[in-house]
Every structure is written in C-alpha cells, then in structure tokens.
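Engineer: just coords:
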C-alpha cells in the first residue's frame, strides 16, 4: 500500500511538471471556506477519546480510519493546498479578501519545483498594488 501511494505521488508530480511546461503558475483558492475561528472545533471530544485509545484498536484498518476521521475536517478546508504538499512543489498563499464576518480568504499560487522566485515575484506585485487584506481585529 505504501509503494502504491508513493507511485501515485510520483504520477501527480509528473503531471504537474508537464503542466508547468506550458504554465508558469497554477492559481487556486487557498481554502474551500473561510478560515475557522480559533474557537471552532475541528476534532470532536469523541474523536479525541478514540485517539487516546489508538493502541487498543485491533486492525490496521481501524487505525487508518481513525487517522482519516481525525484529518478529514482540516483536509476538507484545505483541499487546494494538498496538491502542493503531495507533489513537493512550492506554493504561496496570499490574503486577498475578508468575508463580511472579517474572516480571511486567499488565493494560492503553485509553481514548478525550483521556481520559488516566481512566487515571490507575484506576491510582490500584489503587495505593490495594495491587494492584500489583513485582519484588523481579533475574531474569536
């Protein structure tokens, strides 16, 4: 299973390398939804209890399911950032919008491996044109 997962990562990396032969940058939202508040619960008390008892699980499937259940809420929020994490490509998130509730939304640029300078240049353009939006107060 581990070898199969690595093979899929290699395929994704190859495909992104091919993509970057034609496109310098790949633009996506940073998150699927506005950022959660600090007080939002991403891991339920029930799940925390199961995590504390992980050594009592009998099968690798039960342990894998527990890991999946623990990470699903954050993965659903950050699904666009996962591709860069899996392919090893550099990416940058830029804070470009605030919701009516004052929560940040942003965009993410992903570049080819070794092309971090492209990300810094695009970020500099956004900064130069005052396109960043920052929180001006603490939101709980």
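Structural biologist: Looks like it arrived, so ask away. Because the structure is predicted, anything quoted here is derived from the model rather than measured. Numbers count the residues shown, from 1 in each chain.

Engineer: Going by C-alpha atoms from here, please, whenever you check contacts or count neighbours.
Structural biologist: Noted.

Engineer: so how far is residue 31 from residue 94?
Structural biologist: Separation of residue 94 from residue 31 (Cα to Cα, to the nearest Å) stands at 11 Å.

Engineer: Mind listing the shared neighbours of those two?
Structural biologist: Both residue 94 and residue 31 are contacted by 106-107, under the criterion Cα atoms under 8 Å, 6 or more residues apart in numbering.

Engineer: Spit out the contact partners of residue 126.
Structural biologist: Counting by Cα under 8 Å, 6+ apart, residue 126 touches residue 132.

Engineer: Could you work out the end-to-end span of stretch 97-108 for me?
Structural biologist: End-to-end span of stretch 97-108 (Cα to Cα): 12 Å.

Engineer: Go through it and flag the buried ones.
Structural biologist: 97-98, 102-108 (16 or more other Cα atoms under 10 Å).

Engineer: Count residues in the vicinity of residue 81, would you?
Structural biologist: 21 (other Cα atoms under 10 Å).

Engineer: For it, give me phi and psi.
Structural biologist: Backbone geometry at residue 81, expressed as degrees, to the nearest 10, gives phi -80, psi -10.

Engineer: residue contacts, it?
Structural biologist: If you count contacts by Cα under 8 Å, 6+ apart, residue 81 has them with 30-31, 108.
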